[in-house]
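Colleague: sequence plus the predicted model coming up.
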Amino acid sequence: MKSRTIGYISVMVSGMIFGSMPLLAKFIFSQGGNSINLVFWRFFFALPVLYFLIRRNPKLNLKVTGTQRKNLLYVGIMGYAATAMTLYVSYNYISTGVATTLHFVYPILVIIGSAVFYRDRLTFIKYLAGILSTLGIFLLYNGELSGSLFGIFMALLSGITYAFYVLYIDKSGLKALHSLTLTFYLSLIASASMFFFAIFTGQFTLDLTLSGWAVTAFLSIFVTLGAVNLLNVGIQRIGSQSSGILSTLEPITSIVIGVLIFNEILNFPIVVGCILILSAVILIVRFDPAAPPVETPPILKKDC
């Protein structure tokens, strides 16, 4: 299978896994959990599994250069952890529908950022797909843009930090790392950041039911090894612009789950929004010119 095809599939599956998170999160909240605590455990529980997978593979290790270590800290805190913090804080001030809609300004921000800061060439297909996906996202939300200005700001900030994360992974040289190694370090940095944030805000708790702990562990491995790792694979192979657009499959997945499981209403604007997003995905996958060949991430020598 071609490298770009793997990249397309990886990002689309990643978006669908992320879109299924609310289903599991609602159950965890009913078992004594909260949003900030869940984000910490999501990162933390995945660490031993990632470590085991890396150590058992003779071709992989955790060795990174000094520059890569600095870049990992930077993107892990300012992009990976900051996105979770700002988005979940916004849920305390505005509805999750408004917050999610504002968060998904990030695909168009990735396109703008790559052109402005990195002088990337933007094809007509990417312009069109970016516009269609952005319009589609706003059509998925049916309510009014109301609520706390602070909450609105935090939701928008989460979109900015996530756009930074996607761009920085692509442009900083971190995509030269194997996706499992990259995901391990990002999870390590983010879990430490979220632990201190949970303690500071008084939301750290161990008071979950046995079922709550089991589903939390499953969500952690499912999302980190699935969604996060696959997104990193996609960024490595198709770049930040296409990855940002294809990841808008996430809200469509959430809507499908909401309709099938929670009996949520499916109306005309939502249908049109889904069609626009799917059209953007088809444009990227079918008609976007192939990028230059992606270099295979090098395998660093194992530490003695």
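Modeller: Received the coordinates, thanks. Keep in mind the model is a prediction, meaning the values are calculated, not measured.
Colleague: how much space between the residue nearest to the spatial centre of the chain and Tyr141?
Modeller: Nearest residue to the geometric centre of the chain (C-alpha atoms, centre = their mean): Val228, 6.2 Å. Per C-beta to C-beta, to the nearest Å, Val228 is found 25 Å from Tyr141. The C-beta positions use only the backbone N, C-alpha and C, and glycine is treated the same way.
Colleague: same deal with Ile9?
Modeller: In terms of C-beta to C-beta, Ile9 sits 28 Å off from Tyr141.
Colleague: tell me which of the two has more neighbours.
Modeller: Neighbour totals were compared for Ile9 and Tyr141, and Tyr141 leads with 20 against 17 (other C-beta atoms under 10 Å).
Colleague: contacts only, for Gly19.
Modeller: 249-254, 256-257 (C-beta atoms under 8 Å, 6 or more residues apart in numbering).
Colleague: and it, its phi and psi?
Modeller: Main-chain torsions, Gly19, degrees, to the nearest 10: phi -70, psi -20.
Colleague: what's the answer for Phe104, then?
Modeller: The phi/psi pair for Phe104 (degrees, to the nearest 10) is phi -80, psi 20.
Colleague: for it, which non-adjacent residue is spatially closest?
Modeller: If the residues on either side of it in the chain are set aside, Phe104 comes closest to Ile137, at 4.4 Å by C-beta to C-beta, 6 or more residues apart in numbering.
Colleague: I'd assumed Val98 was in contact with the one you found.
Modeller: No - distance between Ile137 and Val98: 11.9 Å, which falls outside the contact criterion (C-beta atoms under 8 Å).
Colleague: between these two, who's got more neighbours?
Modeller: Ile137 (26 against 21).
Colleague: tell me which other helices or strands the one helix or strand that one maps to touches.
Modeller: Secondary structure from DSSP states H and E places Ile137 in helix 124-140. Applying 3 or more C-beta pairs under 8 Å, 6 or more residues apart in numbering; DSSP states H and E, one finds that helix 124-140 contacts helix 96-103, helix 106-116, helix 229-246, helix 249-262, helix 268-282.
Colleague: ok, which of the ones you listed comes nearest Ser172?
Modeller: Relative to Ser172, the nearest member of the helices and strands packed on helix 124-140 by C-beta to C-beta is helix 229-246, separated by 10.8 Å.
Colleague: between helix 268-282 and the closest one, find me the angle.
Modeller: If you take axes from the mean of the first three to the mean of the last three C-alpha atoms, to 10 degrees, helix 229-246 sits at 110 degrees to helix 268-282.
Colleague: next, the angle from helix 229-246 to helix 124-140.
Modeller: Using the same axes, to 10 degrees: helix 229-246 against helix 124-140 is 90 degrees.
Colleague: next, the angle helix 106-116 makes with helix 229-246.
Modeller: Using the same axes, to 10 degrees: helix 229-246 against helix 106-116 is 80 degrees.
Colleague: which strands or helices does helix 229-246 pack on?
Modeller: helix 3-19, helix 106-116, helix 124-140, helix 149-171, helix 179-201, helix 268-282.
Colleague: give me the number of residues near the nearest residue to Ser172 once chain neighbours are set aside?
Modeller: Leaving aside its sequence neighbours, Ser172 sits nearest to Asn71 (C-beta to C-beta, 6+ apart; 4.6 Å). Counted with other C-beta under 10 Å, the neighbours of Asn71 add up to 20.
Colleague: cool, and Arg4?
Modeller: With other C-beta under 10 Å as criterion, Arg4 counts 19.
Colleague: over to the one 10 residues further on?
Modeller: Using other C-beta under 10 Å, Ser14 has 26 neighbouring residues.
Colleague: go on, the one 3 residues further on?
Modeller: For Ile17, the number of neighbouring residues by other C-beta under 10 Å comes to 22.
Colleague: buried residues in the helix or strand hosting Val75?
Modeller: Following DSSP H and E, one finds Val75 within helix 66-75. For helix 66-75, the neighbour count (16 or more other C-beta atoms under 10 Å) marks 68, 71-72, 75 as buried.
Colleague: want to throw those into TSV with pLDDT?
Modeller: Below are the buried residues of helix 66-75 laid out as TSV (pLDDT from 0 to 100):
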residue	pLDDT
Gln68	93
Asn71	95
Leu72	95
Val75	94
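Colleague: from those residues, pick the one nearest Ala25.
Modeller: Val75 (24.3 Å).
Colleague: name the nearest residue to that closest one, ignoring sequence neighbours.
Modeller: Using C-beta to C-beta, 6+ apart, the closest residue to Val75 is Tyr168 (4.6 Å).
Colleague: what's the answer for Leu23, then?
Modeller: Excluding its sequence neighbours, the residue lying closest to Leu23 (C-beta to C-beta, 6+ apart) is Ile257, at 5.3 Å.
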